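Q: I'll drop the sequence and a predicted model, then ask my questions.
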Amino acid sequence: MQIGMFGGTFIDNPDYPELNKVLAKLADRESVSKTAIAIAWILRHPAKMQAIIGSMNPDHIADTCAASDVNLPHHDWYELYLASGKYLP
């Protein structure tokens, strides 16, 4: 998961400690990686976004596919949204 075109990734990035804390909590609960939680968040976005992973690495593909089995209720989705530094009106 990248931050814009040139910002790198936000997963395990020290600039996003709160977001990574919530990602880790949910990943532990669901027994998947933080990447799978981030992909699950995208797949449950109300705009019906799709994830493009751009990988040929079988481990990365399997990690991403695990997102389809993640139970991410609304309160978890919003917790991730707020942890990313966004706010709700």
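A: Nice, I can see it.

Q: helices or strands up against the strand or helix carrying His60?
A: Using DSSP states H and E, His60 falls within helix 58-65. Contacts defined by 3 or more Cβ pairs under 8 Å, 6 or more residues apart in numbering; DSSP states H and E place helix 58-65 against helix 34-43. Where you see a C-beta, it was placed from the backbone N, CA and C, and this is true even at glycine.

Q: Can I get the helix it packs on in CSV? Just the C-alpha atoms.
A: Taking Å, rounded to 0.1, in the frame of the first residue of the first chain, the C-alpha atoms of helix 34-43 are listed here in CSV:
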residue,chain,number,x,y,z
LYS,A,34,-1.5,-5.8,7.9
THR,A,35,-1.5,-5.8,4.1
ALA,A,36,-4.6,-8.1,4.1
ILE,A,37,-6.4,-5.8,6.5
ALA,A,38,-5.5,-2.7,4.3
ILE,A,39,-6.8,-4.5,1.2
ALA,A,40,-10.0,-5.6,3.1
TRP,A,41,-10.5,-1.9,4.0
ILE,A,42,-10.2,-0.9,0.3
LEU,A,43,-12.6,-3.7,-0.8
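
Q: Does it pack against any helices or strands, and if so which?
A: Other elements packing on helix 34-43 under the criterion 3+ Cβ pairs under 8 Å, 6+ apart are helix 17-30, helix 58-65, helix 74-83.

Q: and the angle from it to helix 74-83?
A: When axes from the mean of the first three to the mean of the last three Cα atoms, to 10 degrees is applied, the directions of helix 34-43 and helix 74-83 differ by 100 degrees.

Q: List of residues touching helix 34-43?
A: 1, 11-12, 20, 23-24, 26-27, 30, 49-51, 53, 60, 63-64, 66-68, 70, 72, 77, 80-81 (Cβ atoms under 8 Å, 6 or more residues apart in numbering).

Q: The residue nearest the centre of the chain and Ala66, how far apart?
A: Centroid-nearest residue in the chain, with Cα atoms, centre = their mean: Ala38, separated by 1.0 Å. Applying Cβ to Cβ, to the nearest Å, the value for Ala38 to Ala66 is 11 Å.

Q: Equivalent analysis for Glu30, please.
A: Distance, Glu30 to Ala66, using Cβ to Cβ: 8 Å.

Q: Lovely, talk soon.
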